[in-house]
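A.B. asks: Sequence and predicted structure are below.
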Amino acid sequence: MKTLSLVGRVAALALLAEVIVTPGLWWPDGLLAPIPVWASAAPNLAAWRALTALLCLGCAWAVVDGGRRALMCALGLLLVRCGVDRVLWQPYVLEQCALLAGACFVDDAREEDVTEALRWLLGLVFVWGGAHKWNDSFLADGLDWVPFALPRGAAHAVAIGEVALGLAAIVPRARPLARYGVVAFSLLVGATLLLARRNPAVLPWNLSHVPLALLLLRDGSLRKAARHPFAWGVALVFGALPFAYPLGWPPYLALRVYTADSLRALYFVLSGY
């Protein structure tokens, strides 16, 4: 119960940080965000901002309280906010939705099965992180911004290493090594972003994986967890993410989150629908 409550609090805190560092995404100004799901029923910008404010209050309650009711409130508000704005349909928001959903099972008798499903989730997010980098843009110059010298082929190594780390997090026997890899990778990415003064929006997402590495402290049981419907949902949704780019999804979803470059972001977001 304590583990799932911590997971929910981490997801809620990461969301709060992302709302603060990406105001153009969550507090829309009409330039890029939002892209309404149903144009005929799109609320005005004030309504979008009001939804974001309610989400912040719900996440703050979840962080302080950590109980099932608070976590369900944060999850519900996040789903409503994402349900009217396609710009937020990104893997990092999807991950936090799933973390909050899993944390809502804090009073469930099959807590360990849900915890195992969240281990799969963490691993599959890293698999996606490496797989979506395997495109010409990233492999050619995706690490040019790093403020220190890198060996040739570093981009390939990052993509392959991230996939390997994700698979290790899924396989019970490899988890003792994977948890250290998750912490080291997340801290390294965070430190590099800070040194380069680049992409602050990615920082809360990466750093949230440091406490989430606690999920890997136990081996778990793949067979037992597979009997829980939540585990199947995680496996189907996040197992499909690595194939998103090969099937035609843009290589970077809603680029404003990564680059703060509204023109490039506008091009990729609109060309992806």
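C.D. replies: Yep, that arrived. Numbers count the residues shown, from 1 in each chain.
A.B. asks: chain center to the strand or helix carrying Ala101: distance?
C.D. replies: Assigning secondary structure by DSSP states H and E places Ala101 in helix 91-103. Distance of helix 91-103 from its chain centroid, counting by CA atoms, centre = their mean, to the nearest Å, is 7 Å.
A.B. asks: for Ala235, what are its contacts?
C.D. replies: Contact analysis of Ala235 by CB atoms under 8 Å, 6 or more residues apart in numbering lists 117, 120, 124. (Glycine included, C-beta is placed from N, CA and C.)
A.B. asks: For the first one, which non-adjacent residue is closest in space?
C.D. replies: This means Ala117. Distances taken as CB to CB, 6 or more residues apart in numbering put Ala231 closest to Ala117, at 3.7 Å, once the chain neighbours are dropped.
A.B. asks: quick revisit: CA atoms of the helix holding Ala101 as CSV?
C.D. replies: The C-alpha coordinates for helix 91-103 follow below in CSV (Å, rounded to 0.1, in the frame of the first residue of the first chain):
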residue,chain,number,x,y,z
PRO,A,91,3.7,9.1,-23.8
TYR,A,92,4.8,11.0,-20.7
VAL,A,93,1.3,12.1,-19.9
LEU,A,94,0.0,8.6,-20.7
GLU,A,95,2.6,7.2,-18.3
GLN,A,96,1.4,9.5,-15.5
CYS,A,97,-2.2,8.5,-16.1
ALA,A,98,-1.3,4.9,-15.8
LEU,A,99,0.7,5.5,-12.6
LEU,A,100,-2.2,7.3,-11.0
ALA,A,101,-4.6,4.6,-12.1
GLY,A,102,-2.4,1.9,-10.6
ALA,A,103,-2.0,3.9,-7.4
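A.B. asks: Which elements pack onto that helix?
C.D. replies: When contacts are defined as 3 or more CB pairs under 8 Å, 6 or more residues apart in numbering; DSSP states H and E, helix 91-103 packs onto helix 2-21, helix 68-83, helix 111-131, helix 202-212, helix 229-240.
A.B. asks: ok, of those helices, where does mean pLDDT dip lowest?
C.D. replies: Among the helices and strands packed on helix 91-103, helix 229-240 has the lowest mean pLDDT, at a mean of 79.
A.B. asks: what comes up buried for that one?
C.D. replies: Buried residues in helix 229-240, defined by neighbour count with 16 or more other CB atoms under 10 Å: 230-231, 234-235, 237-238.
A.B. asks: Stretch 129-137 too?
C.D. replies: 129-135.
A.B. asks: and what of stretch 161-170?
C.D. replies: Of the residues in stretch 161-170, 162-170 count as buried by neighbour count, 16+ other CB under 10 Å.
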